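Novice: requesting a structural model of the entry that follows:
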Amino acid sequence: MHSAEKLSLEQIRFAGSSQRGLRFESENRRQMYAWVESVLIEHSYAKLGKVARGLLRRYIETMTA
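Specialist: Numbering: from 1, shown residues only. Next up, the predicted model:
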């Protein structure tokens with residue numbers, strides 16, 4: 001998924017229950033970390049509330065596991 005960081009939190013919430021086979025594939029760790037960083041920046045992670053931060057963390061965990 002090339003533009004996963006462009007998803008809104010509502011789209012992430014909806015997709016979270018249906019992403020069983022969907023993952024972010026990277027060639028190396030640096031690329032993976034760059035993707036995670038871009039997702040966090042895109043959603044202004046530091047400014048989100050507790051529930052939204054948890055949702056975003058679960059999304060990243062699911063996509064990178």
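Novice: list the contacts for I12?
Specialist: L55, L56, Y59 (CB atoms under 8 Å, 6 or more residues apart in numbering). Any C-beta I mention is one placed from the backbone N, CA and C, and that applies to glycine too.
Novice: how many neighbours does the closest residue to the second one other than its chain neighbours have?
Specialist: Spelled out, that is L56. Closest residue in space to L56, ignoring its immediate chain neighbours: H43 at 5.8 Å, by CB to CB, 6 or more residues apart in numbering. Using other CB atoms under 10 Å, H43 has 20 neighbouring residues.
Novice: picking up where we left off before, would you turn the contacts of I12 into TSV with neighbour count?
Specialist: Formatted as TSV, those follow (neighbours: other CB atoms under 10 Å):
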residue	neighbour count
L55	18
L56	19
Y59	21
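Novice: by pLDDT, rank those residues and give me the bottom one.
Specialist: Of all the contacts of I12, Y59 has the smallest pLDDT value, namely 89.
Novice: now do the same for it: helix, strand or coil?
Specialist: Here Y59 is helix, with the state taken from DSSP: H, G, I helix; E, B strand; the rest coil.
Novice: if we ignore the residues flanking it in sequence, what's nearest it?
Specialist: Y59 sits nearest to I12 (CB to CB, 6+ apart), 4.8 Å away.
Novice: which helix or which strand is home to the one you found?
Specialist: Following DSSP states H and E, one finds I12 within helix 9-16.
Novice: could you point out which element follows that helix?
Specialist: helix 29-42.
Novice: which helices and strands sit right next to that following helix?
Specialist: Secondary-structure packing of helix 29-42 (3 or more CB pairs under 8 Å, 6 or more residues apart in numbering; DSSP states H and E): helix 50-64.
Novice: hang on, the earlier thing: reformat the contacts of I12 as TSV; add distance to R23.
Specialist: As requested, the contacts of I12 are exported to TSV (distance: CB to CB, whole Å):
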residue	distance to R23
L55	18
L56	16
Y59	12
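Novice: picking up where we left off before, just the CA coordinates of the helix holding I12, formatted as CSV?
Specialist: Only the C-alpha atoms of helix 9-16 are listed here, as CSV (Å, rounded to 0.1, in the frame of the first residue of the first chain):
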residue,chain,number,x,y,z
LEU,A,9,-8.6,8.0,11.0
GLU,A,10,-12.2,7.0,10.1
GLN,A,11,-10.9,5.1,7.1
ILE,A,12,-8.3,3.4,9.3
ARG,A,13,-11.0,2.5,11.9
PHE,A,14,-13.1,0.9,9.1
ALA,A,15,-10.2,-0.8,7.4
GLY,A,16,-8.9,-2.2,10.7
